[in-house]
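Chemist: make a model of this:
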Amino acid sequence: MTFATPRRPTRIRMRRRSPLAVTLAVLVAVVVLVMILAQVWTEVLWYQQTGFFQVFRNEWGTRAILFVLGFLLMAGATGFALRLAYRSRPVYPPSSPEQATLDRYREQIEPLRRLAMTAGPVILGIFAGAAASSQWTDVLLFLNRVPFGKTDPQFGIDLSFFVFTLPVLRFIASFLMATTVLAVIGSLATHYLYGGIRITAEGDRLAAPAETGDHAEPAQRAGRITLTPRVTRAARFQLSCLAAFFLVLVAANYWLDRYSLLTKTGDRFDGAGYADVNAVMPSKTILAAAALFVAVLFIATAAGRTWRLPGIGVALMGVSAIVIGGIYPAVVQRFQVDPNAQELESPYIQRNIDATKAAFGLDNVEVAPYDASTQAQAGALRADAETTASIRLLDPAIVSPSFQQLQQNKQYYSFADTLAVDRYVIDGKSRDTVIAVRELNLNGLSTDRRSWVNDTTVYTHGFGVVAAYGNTSTVDGQPAFYEGGIPPTGGLGTYEPRIYFGQESPAYSIVGAPAGTTPWELDYPADNAASGTGQVNTTYTGDGGPRIGNLWTKLLYAVKFGSEQILFSDRVTSQSQILYDRSPLDRVAKVAPYLTLDGMTYPAVVDGRVVWIVDGYTTSDAYPYSAQQSLDDATADSLTQGTSVAGLLPTQVNYLRNSVKATVDAYSGKVTLYTWDENDPVLKAWGKAFPGSLQPLSSISGNLMSHLRYPEDMFKVQRKLLATYHVTDAGSYYSGQDFWRNPNDPTVGEQRPQPPYYLTLQMPGQTAPTFSLTSTFIPGGNTNRNVLTGFLAVDAEPGNVAGKPSADYGKLRLLELPRNATVPGPGQVQNNFNSNPTVSTTLNLLRQGNSTVLNGNLLTLPVGGGLLYVQPVYVQSSAGTKFPLLQKVLVSFGDQIGFANTLGEALDQVFGGDSGATVSHGAPTPGATATPGQTPSPGATATPGTTPPEQVAAKAKLATSLAAAKAALLEGQAALAKGDFAAYGAAQAKLQQAVDDAAAAQAVLGG
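Modeler: As a prediction, this is how the structure comes out:
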């Protein structure tokens, strides 16, 4: 028997786990681990390769710490509350029908009690940790806060308290309140379930206090049937302490509410108004004191025997919250403020005006009255010759198909739908330029050429940039390219043309190979290639992505991208790199997650490299008294349909700074973040949070400086705010009678705001033209009146001095027109164009057949003592291959309209036959040779299936001639009716000339 005993333990007879089940469990665990690492470790590799690993480490380290703190606090508090309530339960719960029911519940719950008391807090902790982790931006700003050097007008506290500290304090208070509420709920449920709290009715037989340890209150008088709570001493102590702590948090919340009033959104203006300062703030102080007093009563109850005093305190506190916190401020607003609103609210409106201007960079706007003339005088543009010579006729939102047809070269290349406007020095003179990158577009390949090898290792990059003069067309209306072709040639000199990182780059490419390997990446097509294959191949030699030469990284990236070919392809070598996250916006957003990015990124050739330039903003929604502005609403226009592209920060902001200029190298993918606003406290805080990630302003080269510009989204927000905040007097602001709005774009059917336009122009008071960003204003309110009230331009040219922007860069200049002025607005001008008989007749003729007329951007310029409107008119085929050609120019000054083949002719029509302007671009005339400024475009021959340019021009000439013939015929009839035979003869001569011109155009068309 002594030997039998050891053989009897149950562990020997335990059912063995199936080896298959264990194996499957291990495999599942390994698969899950690999899938997690495929997302996490590849990110580590990406950040290490880009040189921004400290950003990844600090961001996710902060997130992890906050998650752990939030988890421990929530799980610990709720778990401790549940266990304390369970351990302090009565040993012998009193018997009653109610307790008998609870006994059955306890029996059912008991097998799962331990699990519930552990799993419940853990689940709550996970949610709480996630909530805490999401606050990483506020926490990092708080930990690295710097003073603003300005104080708020109400409390006299440095603004850094509101921007950096208050959001964290509010989150802590809210988090602790939520934790306390959940702890109270768990404690109440546990005490009730296990007899620490019980509800008795009149006549119930209660257990003696000696048995239960219960200090029950005396029973109610006979004859009344009431429900009375009976609470054990332990339950009373726990719940009283929790209630007291909760009320302390309520008091803290009331106190913080006083500061948050300065950022509240109001009906007429944002920030605290008269009623807020004189009624709401005092009421918050009173309620905070009341909450603390009631908290003391609960602490006293923890050591006492009755809930009466804290119960009365809670009731009075609720009444006070309604009367003092709600009714009293409403009475003050209704009977004191509303009847005297303009006088009482004026000081607070002035605070709002001043704060909004400071927060959005509007405090130094140069405002000047502009008594715009509507009468065109001969020679009026002579003083503005440089501005008129730079008027941009090439619309970057329209001419992309022309770039595509004339410069695409191969079907697997493409250009952006909306091109960029920049400026380059050509022949010693700065020229406005429409520029685009020839990017790789795999969708252009036929289906039979699509494979993993081709998509990933052969077609890896685009090639070169294409640039055209902004104010010049060729003789047939095509863009006048001064840089183009493959390999690229032209005025931009020698540069690295390969575009591995761009807006349309594939999701990922695998590049690189050992030395001596025959290249397999397609570099560019070439008829004279030495290989005889019609193409030149290359091997990537940059440092653009993580290395994937070993099996482990191959596996991770195969899982990440769902491509098993990465594991097995021979083209994934020991020297291979994988390029991904290739969009410039995506790359900047990852390395600077604290920035909100401008919706427009644009290319530039800088120091022999193609780089993408991205503008980054620091924002806040906690600047006292500043107006809250939706970025999505402010940046939406007829082209963008809204932006706010990237970043974690809210789309509602009341502080905005263009603090960072970023570049992304199109070949290597290198991201460089340059400090642009060295005085921005928010950027200083982020610089401390991510040390080493920002380069100083002084490191910007002169060449790069010359291609930086004032960002569009910043300007859009500022122009939207200036529509109301050009009013600087609080009383006038309250009445709102002088508010403006931005006009809708009249060239599109949708009711979307007109976009701002980059132009080189000279504003009144300036000594020379500068590259500027412009917009206009019309009356606000519910009116359809479309007359100009203001013209806004910002100096977008930072100069070309290394590390030092021009002193005038970012200078906002606002021209205010007289309030009784009737200068037509963009909508009215477009209507005048469309309703003009000559214009409408000619355009209708152009629309006949297979042609479509496209109205280009309607530009506004303050020249000639008034406002000049210029609109290019394009014609393109309505079927088959389509690309627009510039055929006409519309001009308006006051009520005068010019419509001609060239800008110079149209200006002369408006300004008495001699505008005084000197323009270098001419008419697209069939068979004509290029004149100075009319550069023939490289490769301008028609492609198969394309209407030849000379025929498009001939159609335009035919339409113009027919319109001229009609006008001459009407003129002759009118002269004959008056008996003016001299005029009749002149009209007949015009008619004959028009007929001859029409016949010549018809001959070109083969009619």
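Chemist: and the helices in the stretch 401-550 of the chain?
Modeler: 452-453 (DSSP state H, counting those that start in this stretch).
Chemist: again with the stretch 201-350 of the chain
Modeler: Secondary structure of the stretch 201-350 of the chain by DSSP H, counting those that start in this stretch: the helices cover 209-212, 233-260, 274-275, 281-303, 308-322, 328-331, 341-359.
Chemist: check which helices and strands the shortest one sits against.
Modeler: If contacts are counted by 3 or more Cβ pairs under 8 Å, 6 or more residues apart in numbering; DSSP states H and E, helix 274-275 sits against helix 341-359. (Each C-beta comes from the backbone N, C-alpha and C, glycine too.)
Chemist: just the buried positions in the helix it packs on, please.
Modeler: Neighbour-count burial for helix 341-359 flags 341, 344-346, 348-359 (criterion: 16 or more other Cβ atoms under 10 Å).
Chemist: on that earlier part again, make a markdown table out of the helices of the stretch 201-350 of the chain and add distance to Y874.
Modeler: Compiled in a markdown table, these are given as follows (distance: least, Cβ to Cβ, whole Å):
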| stretch | distance to Y874 |
| --- | --- |
| helix 209-212 | 92 |
| helix 233-260 | 53 |
| helix 274-275 | 56 |
| helix 281-303 | 60 |
| helix 308-322 | 65 |
| helix 328-331 | 59 |
| helix 341-359 | 40 |
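Chemist: least reliable of those helices going by mean pLDDT?
Modeler: With a mean of 43, helix 209-212 has the lowest mean pLDDT of those.
Chemist: can you map out the strands along the stretch 101-250 of the chain?
Modeler: 197-201, 227-231 (DSSP state E, counting those that start in this stretch).
Chemist: lowest-pLDDT helix or strand in the protein?
Modeler: Least confident element among the helices and strands of the chain, by mean pLDDT, DSSP states H and E: helix 209-212 (a mean of 43).
Chemist: quick one: contacts for A341?
Modeler: Shown in contact with A341 (Cβ atoms under 8 Å, 6 or more residues apart in numbering): Y734.
Chemist: tell me the pLDDT of the residue nearest to K410 when sequence neighbours are not counted.
Modeler: In this structure, K410 finds its nearest non-sequential neighbour in P525, 5.5 Å apart by Cβ to Cβ, 6 or more residues apart in numbering. P525 carries a pLDDT value of 88.
Chemist: verify the stated contact: P525 with Q535.
Modeler: Yes. P525 is in contact with Q535 according to Cβ atoms under 8 Å; the separation is 5.2 Å.
Chemist: is the spatially closest residue to K882 that is not a sequence neighbour in a helix, a strand, or coil?
Modeler: Once flanking residues are discounted, K882 sits nearest to Q876: 4.9 Å by Cβ to Cβ, 6+ apart. Assigned state for Q876: strand (three-state reduction, DSSP: H, G, I helix; E, B strand; the rest coil).
Chemist: Q876 contacts L886, doesn't it?
Modeler: No. Applying Cβ under 8 Å, one finds Q876 not in contact with L886, separated by 10.5 Å.
Chemist: so which of these two has more stuff around it?
Modeler: L886 (31 against 22; other Cβ atoms under 10 Å).
Chemist: who does the host helix or strand of the more buried one pair up with?
Modeler: Secondary structure from DSSP states H and E places L886 in strand 885-893. Partners of strand 885-893 in the sheet, by DSSP bridges, are strand 868-877 (antiparallel), strand 896-900 (antiparallel).
Chemist: please state the offset of it from the chain centre?
Modeler: Relative to its chain's centre, strand 885-893 lies at 34 Å (Cα atoms, centre = their mean, to the nearest Å).
Chemist: and the helices in the stretch 801-950 of the chain, which stretches?
Modeler: So, for the stretch 801-950 of the chain - with DSSP H, counting those that start in this stretch - the helices run 826-835, 837-847, 903-910, 949-978.
Chemist: actually the stretch 1-150 of the chain, not the one I wrote
Modeler: In the stretch 1-150 of the chain, the segments counted as helices under DSSP H, counting those that start in this stretch are 10-13, 19-50, 53-87, 97-133, 136-143.
Chemist: just the buried positions in the third one, please.
Modeler: Residues of helix 53-87 classed as buried by neighbour count (16+ other Cβ under 10 Å): 53, 55-56, 58-60, 62-63, 66-67, 69-71, 73-75, 77-79, 81-82, 84-86.
Chemist: okay, the angle between that helix and helix 19-50?
Modeler: Orientation of helix 53-87 against helix 19-50 (axes from the mean of the first three to the mean of the last three Cα atoms, to 10 degrees) gives an angle of 140 degrees.
Chemist: what about L843, how many residues nearby?
Modeler: Neighbour tally, L843, other Cβ under 10 Å: 22.
Chemist: contacts only, for the residue nearest to it when sequence neighbours are not counted.
Modeler: Distances taken as Cβ to Cβ, 6+ apart place V853 nearest to L843, at 5.1 Å, with adjacent residues excluded. V853 makes contact with 843, 846-847, 873-875, according to Cβ under 8 Å, 6+ apart.
Chemist: quick one on the thing from earlier: model confidence for the residue nearest to K882, exactly?
Modeler: 88.
Chemist: so what's it bridging to?
Modeler: With DSSP bridges as the rule, Q876 is bridged to T852.
Chemist: check contacts around it.
Modeler: Here Q876 is in contact with 401, 851-852, 854, 882-885, 952 (criterion: Cβ under 8 Å, 6+ apart).
Chemist: buried subset of those?
Modeler: Looks like these have 401, 851, 854, 882-885, 952 buried, using 16+ other Cβ under 10 Å.
Chemist: and the nearest residue to D581 once chain neighbours are set aside, what element?
Modeler: Once flanking residues are discounted, D581 sits nearest to R587: 5.8 Å by Cβ to Cβ, 6+ apart. Using DSSP H and E, the element containing R587 is helix 584-591.
Chemist: after that helix comes which helix or strand?
Modeler: Reading on from helix 584-591 to the C-terminus, the next helix or strand found by DSSP H and E is strand 596-597.
Chemist: tally up the residues packed near the spatially closest residue to D908 that is not a sequence neighbour, please.
Modeler: Using Cβ to Cβ, 6+ apart and skipping residues adjacent in sequence, the residue nearest D908 is S915, 5.3 Å away. By the criterion of other Cβ under 10 Å, S915 has 32 neighbours.
Chemist: burial measure for V248, as a count.
Modeler: V248 has 21 nearby residues by other Cβ under 10 Å.
Chemist: please apply the same query to the one 3 residues further on.
Modeler: Close neighbours of A251, defined as other Cβ under 10 Å, add up to 21.
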